[in-house]
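Participant: when you get a sec, could you give me coordinates for this:
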Amino acid sequence: MSTAAPSITTDLLDEARDLAALCVDLSAADWRRPSAFYGWSAWDEIAHLCFFDETALVSATEPERFVREAAALGARMAAGEELSAIARQVYGHLDGPALLALWRARFEALAAALAPLDPKARLAWYGPPMSARSFATARLMETWAHGQDVWDVMDRRRPGSARLKHIAHLGVSTFGWTFHNRGLPVPEAPPFVDLQAPDGSRWTWGDAQAASRVTGTADDFCLVVTQRRHVSDTALMVHGDAAVRWMAIAQCFAGPPADGPAPGTRKSPGA
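Facilitator: As a prediction, this is how the structure comes out:
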């Protein structure tokens, strides 16, 4: 039997370790400085990742417990509680370094639990079950996206890596879902996506003869589909109706429709 996407679980672990390495040097003030992501601080970002890496670990190792706890969390959110407030209740007794140590233990354990699974094994999550491969990819995407908020707080430009391909693929794969999620008709033909990887190579998806296309760097594309940048604040070239409509609402993460940052509100350092 094949094991669950060793490359994606290794990449998930490397992504988390890179973010943890950045956070090691945060001062007490840095941990509490608000970001442009709903005013969340670096502490909030890591608490959010810790909370969901912990629940992901429960899904991978104790699925029946996960179902019970997911229902309880859903009830709390239906009653009006915010995820950020719930995470603060759970980890509020920890300062930044202590929270970081706990998160490190959680993401190391999660990667170890996911690595031996069959890539097609189904894992429960908040919504339809996901394959082990998709589950790990979603965790990597969220780690990268919330990590971007921390890099922004520190006003530092994050170096790119080949791990971006997982996030870019997820962004392309959720083209139709982005429209369905908002109750909008899906354009008949998806755009061609042509991205420059961090090493200078090209990553492409779709029909090169499509009427619509998105071209640019993988970093810019990932920033838009994770709603960390408005497309107008990147160097992406967007041509054709389907591409323009998509980039205005692109959302590669699960949940109800969310709106990304307004133009000019979140720019990369040095932009």
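Participant: could you chop the protein up by domain?
Facilitator: 6-153, 164-249 (automatic domain parsing).
Participant: redo these as a markdown table? Include mean pLDDT and distance to residue 262.
Facilitator: C-beta here means a position set from N, CA and C on the backbone, and glycine is covered the same way. Formatted as a markdown table, the domains of the chain follow (pLDDT from 0 to 100; distance: least, CB to CB, whole Å):
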| stretch | mean pLDDT | distance to residue 262 |
| --- | --- | --- |
| domain 6-153 | 95 | 10 |
| domain 164-249 | 97 | 6 |
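Participant: among those domains, which comes closest to residue 258?
Facilitator: Each of these has some distance to residue 258 by CB to CB; the shortest is domain 164-249, at 6.2 Å.
Participant: quick one: end-to-end length of that closest one, please.
Facilitator: For domain 164-249, the first-to-last residue distance is 20 Å (CA to CA, to the nearest Å).
Participant: same question for stretch 145-161.
Facilitator: Using CA to CA, one end of stretch 145-161 lies 14 Å from the other.
Participant: run the chain-centre distance for it.
Facilitator: Centre-to-centre, stretch 145-161 and its host chain are 13 Å apart (CA atoms, centre = their mean, to the nearest Å).
Participant: residue contacts, residue 241?
Facilitator: 187, 211-212 (CB atoms under 8 Å, 6 or more residues apart in numbering).
Participant: that older thread, pipe the domains of the chain into TSV and attach distance to residue 263 per row.
Facilitator: Listed next are these as TSV, based on distance: least, CB to CB, whole Å:
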stretch	distance to residue 263
domain 6-153	13
domain 164-249	5
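Participant: any idea which of these gets closest to residue 264?
Facilitator: Smallest distance to residue 264 across the domains of the chain (CB to CB): 6.5 Å, for domain 164-249.
Participant: related to what we said a few turns ago, and of the contacts of residue 241, the nearest to residue 19?
Facilitator: Closest to residue 19, out of all of the contacts of residue 241 and judged by CB to CB, is residue 212, at 33.6 Å.
Participant: following element in sequence after the longest helix along the chain, please.
Facilitator: Counting residues, the longest helix found in the chain (DSSP state H) is helix 132-153. Once helix 132-153 ends, the next helix or strand along the chain (criterion: DSSP states H and E) is helix 164-173.
Participant: quick one: the helices in the stretch 151-271 of the chain, in order.
Facilitator: All helices of the stretch 151-271 of the chain, identified by DSSP state H, counting those that start in this stretch, fall at 164-173, 175-181, 218-225, 241-249.
Participant: tell me which of those helices sits most buried.
Facilitator: Comparing the helices of the stretch 151-271 of the chain by mean neighbour count (mean count of other CB atoms under 10 Å), helix 218-225 comes out on top with a mean of 26.
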